[in-house]
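Engineer: generate coordinates for the sequence data below:
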Amino acid sequence: MTSPAALELRHVRNVEEVRQEIVDVHAEVRHRDFGLTGPFYTVERFNERLTGHSSALGWEAVVAYDQGEAVGFAYGVPLGTKSRWWTAMTTQMPEGFAEETGSRTFALNEIVVRKTWRGTGAAHRIHEELLSGRPEERITLLVNPAAGDGKVQAVYERWGYEKIGEQQPFPDSPVFASMMRTLR
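Structural biologist: Below is the predicted model of the structure:
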């Protein structure tokens, strides 16, 4: 294993170039490492969400490689003017908060790193690489507050995110903490 600084980081805008790598890493981490089960967490459902996310205008991913092997990824998309992102909020938001322009908010849909790379700084490096050069004002993400017994949410807080409420985007998904960080 090389240091996180030595990882090869690749920006991708065509999901088909990396779909299988993303699906494989996601399945390994979510199922084997975290033991997440149920219909929402199946590989098929994740692949469907990946297809939906990657079909949106402006989708981008960063995949990290160590000697040619994918060790993690992050991807997201700018929220368009007709985005449904905020409709699943269970928390009342201030007036105008959910108004999107297509360049106001970047939604981080997924960030996943293989077990041997967790705690090394690799996830933060992938995250910051994805955000480097983004023109949006802010970034939002959803995190299962139970993930890692709250440790995952705590990582995002250390990275500058604040919890702004909760949302449940799918009937069979967990209730996620909705988090926000200023980019500009």
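Engineer: and the residue positioned nearest the centre of the chain, backbone torsions?
Structural biologist: Central residue of the chain (C-alpha atoms, centre = their mean): Glu110, 2.2 Å from the mean position. Dihedral pair for Glu110: phi -150, psi 140, per degrees, to the nearest 10.
Engineer: just Thr105 next, same as before
Structural biologist: Phi and psi for Thr105, reported as degrees, to the nearest 10, are phi -130, psi 130.
Engineer: just list what the longest helix seen in the chain packs against, helices and strands only.
Structural biologist: Scanning the chain for the helix with the most residues, using DSSP state H, yields helix 43-54. Packing partners of helix 43-54 (3 or more C-beta pairs under 8 Å, 6 or more residues apart in numbering; DSSP states H and E): helix 19-27, strand 69-78, strand 105-113. Glycine gets a C-beta too; all of them are placed from N, C-alpha and C.
Engineer: can I get those in CSV including mean pLDDT and distance to Pro174?
Structural biologist: What follows is the helices and strands packed on helix 43-54, written out as CSV (pLDDT from 0 to 100; distance: least, C-beta to C-beta, whole Å):
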stretch, mean pLDDT, distance to Pro174
helix 19-27, 96, 16
strand 69-78, 97, 19
strand 105-113, 97, 15
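Engineer: tabulate these (TSV), appending distance to Ala147.
Structural biologist: Shown next, in TSV, are the helices and strands packed on helix 43-54 (distance: least, C-beta to C-beta, whole Å):
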stretch	distance to Ala147
helix 19-27	14
strand 69-78	15
strand 105-113	11
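Engineer: so which of the ones you listed gets nearest Leu141?
Structural biologist: Closest of these to Leu141 is strand 105-113, at 4.1 Å (criterion: C-beta to C-beta).
Engineer: what's the first helix or strand after that closest one?
Structural biologist: Later in the chain than strand 105-113, the nearest helix or strand by DSSP states H and E is helix 122-131.
Engineer: can you tell me which residues contact the residue nearest to the centre of the chain?
Structural biologist: Applying C-beta atoms under 8 Å, 6 or more residues apart in numbering, we find Glu110 in contact with 22, 26, 50, 53, 73-76.
Engineer: try it again with 10 Å
Structural biologist: Shown in contact with Glu110 (C-beta atoms under 10 Å, 6 or more residues apart in numbering): 22, 25-26, 30, 46, 49-50, 53, 61, 73-76, 141-142.
Engineer: do the same with Glu60
Structural biologist: 11-13, 54, 74-78, 106, 130, 134.
Engineer: ok, and the most crowded of those residues?
Structural biologist: Within the contacts of Glu60, neighbour counts (other C-beta atoms under 10 Å) peak at Gly76, which reaches 27 neighbours.
Engineer: was I right about that one contacting Thr140?
Structural biologist: Yes: with contacts counted by C-beta atoms under 10 Å, Gly76 reaches Thr140, the gap being 9.0 Å.
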